[in-house]
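S.K.: After the sequence you'll find the predicted model.
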Amino acid sequence: MKINVEKVVIPVAGWGTRSLPATKNLPKEMLPVYRKPAVQYVVEEAMLAGLTDVVFVTSRSKKVLLDHFDRNLSLELVLKRAGKEELLEQVKAVAEMVNIISVRQKEQLGLGHAVLCAREVVKKEPFAVLVGDDLVFSQEPAIKQLIEVAKTEQMPVIGVMEVPLEKVSNYGIIGGEEIAPGLFRVKKLHEKPAPEHAPSRLAVVGRYVLTPDIFDYLEQIEPDLRGEYQLTDALKFLARENRLLALKISGIRFDIGDWVDYLTANIYFGLQDQKLSRELKQSLKNLLEDQGGSC
């Protein structure tokens with residue numbers, strides 16, 4: 001099958017329990033990072049990679065997320081009357097980024113189940129998967145890095161980054177053979193291994209380019225101890241058949257479900273804004289001095 005990717009599946013149906021109580025009534029993916037909700041950065045990454053159809057796998061509590069990518073004519077009228085043309089264009093641009101498709105995940109049964117819910121929309125086409133609370137920033141969009149490899153090698157590709165040994169138990173970890181700089185043929189996949197059993201420190205970070213045969217494997221896997229169906233378990237079938245690659249993504253990553261990463265992401269973007277950076281640096285410096293030089 002020739003790999004040509006146009007659709008991206010973004011699972012956003014989870015409860016966001018790591019971010020409670022902030023996510024009691026607000027989807028985790030809608031938590032603001034600087035001036036945008038987190039999920040908008042994910043959609044923008046897909047758009048910059050040339051993906052035209054975004055398939056949100058959502059739940060009944062995520063209507064506000066879908067509304068964010070729709071027109072708000074009342075707000076647009078208020079901005080127009082106030083002469084706030086720049087803000088008006090920004091608001092309108094969000095609704096015109098990509099074609100949004102919504103699929104309901106009726107039960108939150110894991111990432112593998114969420115991807116399977118998109119089967120009827122994806123049909124028999126290769127597709128990308130971006131996890132809605134993983135933000136990756138680089139000169140070349142992370143998912144585009146994977147798409148280029150998938151096109152060249154004509155194989156599914158997953159994105160990985162190196163993590164500290166003490167954090168491997170938070171991720172799916174790969175083991176494999178490096179066949180080119182930063183490119184691995186995956187031999188093993190371990191979901192959240194203990195550090196002493198991890199085959200490497202290369203963690204899967206929420207970026208995938210897959211072929212439609214993954215849906216057949218997703219239908220074969222068993223639920224884990226929590227009753228969830230993990231995408232990692234389906235990917236193991238591809239690894240056993242030597243049909244799975246992993247690319248070490250270049251860029252900076254923030255896990256929005258991790259409070260340190262979330263707060264760091266906001267500071268990171270504030271520092272990129274020339275209007276804010278000087279004052280923000282001074283404010284952080286004052287805060288650190290008040291705390292005795294450390295937080």
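M.R.: Arrived safely, thanks for sending. Residues are numbered from 1 along each chain as shown.
S.K.: check contacts around the spatially most central residue of the chain.
M.R.: Nearest residue to the geometric centre of the chain (C-alpha atoms, centre = their mean): Val131, 2.9 Å. Neighbouring residues of Val131 by C-beta atoms under 8 Å, 6 or more residues apart in numbering: Ile10, Pro11, Val42, Leu111, Gly206, Arg207. In this view, the C-beta of every residue, glycine as well, is placed from N, C-alpha and C.
S.K.: what's the pLDDT at the third one?
M.R.: What it means is Val42. Val42 carries a pLDDT score of 94 in this model.
S.K.: Kindly report the same for the fourth one.
M.R.: pLDDT recorded at Leu111 is 93.
S.K.: for the last one, same thing?
M.R.: Taken from the predicted model, the pLDDT recorded for Arg207 is 95.
S.K.: for the one 10 residues further on, same thing?
M.R.: Residue-level confidence at Tyr217 comes out at 95, pLDDT.
S.K.: Is it correct that it falls within a helix?
M.R.: Yes: per DSSP: H, G, I helix; E, B strand; the rest coil, Tyr217 lies within a helix segment.
S.K.: returning to what we had before: any idea how far the residue nearest to the centre of the chain is from Ala13?
M.R.: According to C-beta to C-beta, to the nearest Å, Val131 and Ala13 sit 12 Å apart.
S.K.: Can you tell me which of the contacts of Val131 comes closest to Ile256?
M.R.: Val42 (9.6 Å; C-beta to C-beta).
S.K.: Low-confidence ranges, the stretch 1-150 of the chain, go.
M.R.: The model of the stretch 1-150 of the chain has pLDDT under 70 over residues 1.
S.K.: show me where it has helices.
M.R.: Taking DSSP state H, counting those that start in this stretch, the helices of the stretch 1-150 of the chain run over residues 38-48, 63-68, 73-81, 85-95, 111-117, 119-122, 142-153.
S.K.: Ok, which of the ones you listed comes nearest Gly251?
M.R.: Judged by C-beta to C-beta, the one of the helices of the stretch 1-150 of the chain that comes nearest to Gly251 is helix 142-153, at 5.6 Å.
S.K.: The closest one vs helix 38-48, what angle?
M.R.: Angle, helix 142-153 to helix 38-48, by axes from the mean of the first three to the mean of the last three C-alpha atoms, to 10 degrees: 40 degrees.
S.K.: Okay, helices next: where are they in the stretch 151-295 of the chain?
M.R.: 214-218, 231-240, 259-272, 277-290.
S.K.: And Glu191, how far from Gly16?
M.R.: Relative to Gly16, Glu191 is positioned 20 Å away (C-beta to C-beta).
S.K.: again, but for Ala49
M.R.: For Ala49 relative to Gly16 (C-beta to C-beta), the value is 25 Å.
S.K.: same question, Phe56
M.R.: 15 Å.
S.K.: quick one, which of those two is more surrounded?
M.R.: Phe56 (25 against 21; other C-beta atoms under 10 Å).
S.K.: For Pro156, give me its contacts.
M.R.: With C-beta under 8 Å, 6+ apart, Pro156 has these contacts: Ala150, Tyr208, Val209, Leu210, Thr211, Ile214, Leu235, Leu238, Arg243, Leu244, Leu245.
S.K.: ah, wrong one, I meant Glu222
M.R.: By C-beta under 8 Å, 6+ apart, the residues touching Glu222 are Tyr229, Asp233.
S.K.: ok, now how distant is it from Gly112?
M.R.: When distance is defined by C-beta to C-beta, Glu222 is 10 Å away from Gly112.
S.K.: With Asn286 instead?
M.R.: Using C-beta to C-beta, Asn286 is found at 47 Å from Gly112.
S.K.: Looking at those two now, which is surrounded by more residues?
M.R.: Gly112 (24 against 10).
S.K.: how about the more buried one, what does it touch?
M.R.: Leu218, Ile221, Glu228, Tyr229, Gln230, Leu231, Thr232, Asp233, Ala234.
S.K.: thought Ala150 was touching Ala49?
M.R.: No: if you go by C-beta atoms under 8 Å, Ala150 and Ala49 don't touch, sitting 11.6 Å apart.
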